[in-house]
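[1] sharing a model that was predicted from the sequence below.
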Amino acid sequence: MKKIIVLILAFNLLNCSQKKSETNIKSDELQITLSEELKQIQSSGNLNGFSVSIVNEDSLLYSKGFGLADVSANKPYTANTIQNIASISKTLIGIALLKAQEQGLLLLDDPVTKHLGFEVINPYFPEETITIRHLTTHTSSIIDGDIYDEKSYVLKAPKDSQSKSNIEIPEEFNPPSENTSMKSFLYDVLNKSGNYYSADNYINKAPGTYFEYTNIGATLAALVVESASGEDYRDFTKKHILKPLKMNTSGWTFEDVNMDNHSKLYSNKETEFPFYTLITYPDGGLITSANDLSKFLIELIKGFSGEGTILNKDSFKEYFKPHLNDSHFEERDAENPYNDEYNFGVFIGQSAQDNIGHTGGDPGVTTFMFFNTKTKIGRLMIINTDLNSDADVQRLFSIWDKLGDYQEKLTEN
């Protein structure tokens, strides 16, 4: 009898092993086919390089890079190639705020001014308090205005050192000598004694009543983390986000990362942008790769499911809790399944169709990162070239849709 049981167990183990092997083969075949189709999209257009990934709450299902990270050097773009990811960076501000709240350093409903060494007051509504929560949902009444584009972008190297004929230096890129701390910049923009202050840096709406997306407001929230914790925002996020998730190739400055792995950024197929950073770096300056950012996306899905590790369950509930309604908008797009401005948690966008995440755009950068709340499957895309035509935009959506076509197939296998 024991011998029969042993034989049955052996047969079952062999059968499971064969099924697993068949599943792995099918998964490999799907990944090869997906890669071939994405490669075809890249080679047919003007996107020099990009990387993508698909994840669920358990693991990385697929990641790969396509095209070139450096055209002149013929250097491939891989899933480990790093570059800045624009406004997806803001999703880390939300995590940092909630970690600071867990530590008893602040409350989301605190007045912003409580944690700063200067006042931030909407001149049209001087009696109304701007809170941290208002910043997280882009309802603070702070707006970017021209001053953001004119002052925030700073070159890594002086203009006169950019000798290549194929480099385009946008007019709004400032020399390194004009770099300053984000606290000084925000004081100058938002406080009535600041050098760049204007009533036009605020809208004529009461705080908390109207959605107006703002990079300056997001950076102010990062400054609140610094002020409340007594730590540099970069150090705080490294300690509580990047290191725990083993995002070891990611960072906020060029000194934090291996520049040999950094992609060039492109205005078009032939023309490079010079390397640049932002005074308001928390709003868009995280440097990372598809493989590293996938670790963060997996953590977000886990957090949504109550299994996160970098925040407690209550904090993750707060992170994803939607705060906006029709009264916050003049019009609201519910048709776009990836409209990250339909609703907001704590610096995390939410569409009307069960997708949570964020998009991003900066010179030479386009990024998407979302997961679906029903399937618990996520995907992301990082591109190193500006989108200059409708055809370029169509290729972006072709890449995104292709990932969507394969994500459930890969999960099933």
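    Yep, that arrived.
[2] now the closest residue to Val52 other than its chain neighbours: which helix or strand?
    Once flanking residues are discounted, Val52 sits nearest to Met381: 5.0 Å by CB to CB, 6 or more residues apart in numbering. Placement of C-beta: from N, CA and C, glycine included. Assigned by DSSP states H and E, Met381 falls within strand 377-383.
[3] who does that strand pair up with?
    With DSSP bridges as the test, strand 377-383 is paired with strand 49-56 (antiparallel), strand 365-372 (antiparallel).
[4] just put these in CSV and tack on mean pLDDT.
    Converted to CSV, the strands paired with strand 377-383 look like this (pLDDT from 0 to 100):
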stretch, mean pLDDT
strand 49-56, 97
strand 365-372, 98
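[5] give the contact list for the residue nearest in space to the middle of the chain.
    Nearest to the mean C-alpha position of the chain, by CA atoms, centre = their mean, lies Ile88 at 1.5 Å. When contacts are counted by CB atoms under 8 Å, 6 or more residues apart in numbering, Ile88 is found next to Leu286, Leu293, Gly357, His358, Thr359, Gly360, Thr367, Met369.
[6] circling back: just the strands paired with strand 377-383: most buried one?
    strand 49-56 (a mean of 26; mean count of other CB atoms under 10 Å).
[7] which elements pack onto whichever helix or strand comes after it?
    Downstream of strand 49-56, the first helix or strand assigned by DSSP H and E is strand 60-70. If contacts are counted by 3 or more CB pairs under 8 Å, 6 or more residues apart in numbering; DSSP states H and E, strand 60-70 sits against helix 2-43, strand 49-56, strand 75-76, helix 290-304, helix 390-412.
[8] which of the ones you listed has the lowest average pLDDT?
    Per-stretch mean pLDDT for the helices and strands packed on strand 60-70 is lowest at helix 2-43 (a mean of 64).
[9] now render the contacts of Ile88 as JSON lines, adding distance to Thr253.
    Listed next are these as JSON lines, based on distance: CB to CB, whole Å:
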{"residue": "Leu286", "distance to Thr253": "10"}
{"residue": "Leu293", "distance to Thr253": "17"}
{"residue": "Gly357", "distance to Thr253": "25"}
{"residue": "His358", "distance to Thr253": "21"}
{"residue": "Thr359", "distance to Thr253": "23"}
{"residue": "Gly360", "distance to Thr253": "18"}
{"residue": "Thr367", "distance to Thr253": "19"}
{"residue": "Met369", "distance to Thr253": "21"}
